[in-house]
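[1] here you go, sequence then predicted model.
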Amino acid sequence: MTRPLPSRIVDSVLEGSIVGSFSRMGPLIRSRLPGWEDFPRMDGMTAVVTGGTSGIGAAAARKMALLGADVVITGRDRKRAGDLRKTIRAALDRDAIDTVLGDLSDLGSVQHIARTIVSRHPRVDVLVHNAGALLRDRTETRQGIEMTVAVHLLAPFLLTEELLPALRAAPHPRIITVSSGGMYTQRFELPGLEMPLDQYNGTVAYARAKRAQIVLTEEWQRRYGPEGFTFHAMHPGWVATPGLDTGLPLFGRIMKPLLRTPAEGADTIVWLAAGSPGSTHGGQFWCDRTPRSPYYLPGTRPGAARALIEGKALWKWCTERIQDGLRHTGDR
Ligand SMILES: NC(=O)c1ccc[n+]([C@@H]2O[C@H](COP(=O)([O-])OP(=O)(O)OC[C@H]3O[C@@H](n4cnc5c(N)ncnc54)[C@H](OP(=O)(O)O)[C@@H]3O)[C@@H](O)[C@H]2O)c1
């Protein structure tokens, strides 16, 4: 939908200010502009939200359940998953939340999560890749993969592949990846993705993985778009969550009065999930219900031909890294 010109002008001014856009001022102002509409209902739809036990993922799960969807949340924390399920059951008087526990850093566990979901929900309309964390120290997964890359990139890749049969059973499957504005600082470079110990910087590793999510979203769209899939990446803004407290404590303290609520951070996820088919184009990067350029800084934008090469190279790398990883632990 094209919004009225005054709304677009205000939106652009906010975007140019960066702080105005990413802080709580973004949704505060944009939601009052003409063209910002209520969410459509999601009755009859099934949505999967990774990292649905906390922060933005929990807020997205709650809102989609309130809109009528059946929601599957994944996470590692049994108590938090159970608590969210109970709260929503009490609010709605129906058991709208299913929980599937598992660690997305472990490729075997990703397979187990996916197979459990498919066995219980043969049709999945919406898949939200939300789970993630900014990790100060470098660690490796059970398969010997750097943790940030494993959770933000390989887990979404494998989970999507494993859920394809259930996604194909939906009339208009949509896959939404929660990236971050942090990715603006990095250009995509495959060799620098899995950072070795002597170069490791948690913020850079996170930003590179989030940049790679944008490249993967574009590649997903090229590969599966012709089948009717829609892939989106989005930035939730700066949101007050346990993840922000742990990952960027100083930033979180300084920005505290300006941080969004988890519901404000989840707004665009739910809007993309609930929107009518064809209302949004796939392969784009969104913030506050509007597609944004994924490039602000010089040197981060590849040319069109290079973008295609990078997408293909990332796909090949993810496929091979997953195969090697699963072979390493004998999971397949
Ligand atoms: N907060 C912000 O300002 C901000 C800004 C930009 C982007 N983001 C992105 O938004 C997403 C959600 O972050 P948040 O701020 O809401 O953080 P959060 O409150 O810490 O939530 C993170 C979720 O991810 C799950 N998770 C993390 N590692 C996992 C693993 N190895 N296996 C399974 N689940 C895992 C956690 O589940 P368990 O603890 O139950 O395992 C939790 O539900 C992340 O991708 C983050 O990068 C956040």
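    Structure received. All values derive from a computational prediction rather than experimental measurement. Residues are numbered from 1 along each chain as shown.
[2] the residue in the stretch 201-332 of the chain positioned nearest to the ligand sits in which helix or strand?
    Closest approach between the stretch 201-332 of the chain and the ligand, counting by Cβ to the nearest ligand atom: Gly243, at 2.3 Å. For the C-beta atoms, the positions are set from N, CA and C on the backbone; glycine is no exception. Following DSSP states H and E, one finds Gly243 within helix 242-247.
[3] now swap in Gly16 and tell me
    Short version, using DSSP H and E: Gly16 is in helix 5-17.
[4] and that helix, what's buried?
    Judged by neighbour count using 16 or more other Cβ atoms under 10 Å, the buried positions of helix 5-17 are Ser7, Val10, Asp11, Leu14, Glu15.
[5] and if you look at stretch 42-52?
    Met42, Met45, Thr46, Ala47, Val48, Val49, Thr50, Gly51, Gly52.
[6] narrow those residues to those in strands?
    Under the assignment DSSP state E, the buried residues of stretch 42-52 contribute Thr46, Ala47, Val48, Val49, Thr50 to strands.
[7] in a markdown table: those residues, plus pLDDT.
    Formatted as a markdown table, these follow (pLDDT from 0 to 100):
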| residue | pLDDT |
| --- | --- |
| Thr46 | 98 |
| Ala47 | 98 |
| Val48 | 98 |
| Val49 | 98 |
| Thr50 | 98 |
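[8] out of these, which comes closest to Gly202?
    Thr50 (20.4 Å; Cβ to Cβ).
[9] domain parsing for the protein?
    1-37, 40-329 (automatic domain parsing).
[10] now do the contacts for His235.
    Phe22, Ser179, Ser180, Gly181, Phe285, Trp286, Cys287, Arg292 (Cβ atoms under 8 Å, 6 or more residues apart in numbering).
[11] all helices of the stretch 1-150 of the chain, in order?
    5-17, 19-22, 25-30, 55-66, 78-92, 107-120, 147-149 (DSSP state H, counting those that start in this stretch).
[12] among these, which is nearest Leu135?
    Nearest of the helices of the stretch 1-150 of the chain (Cβ to Cβ): helix 147-149, 5.8 Å.
[13] ok, then the element right after the closest one?
    Heading C-terminal from helix 147-149 (DSSP H and E), you reach helix 155-168.
[14] and the contacts of the helix or strand that comes right after that next one?
    Moving toward the C-terminus from helix 155-168, the next helix or strand (DSSP H and E) is strand 174-178. Applying Cβ under 8 Å, 6+ apart, the contact partners of strand 174-178 are 56-57, 125-130, 132, 156, 160, 167, 213, 216-217, 220, 229-234, 236, 269, 272-273.
[15] what about stretch 292-306, distance to the chain center?
    20 Å (Cα atoms, centre = their mean, to the nearest Å).
[16] how about that stretch, does it reach the ligand?
    No: residues of stretch 292-306 contacting the ligand under Cβ under 6 Å from any ligand atom: none, with a closest distance of 13.3 Å.
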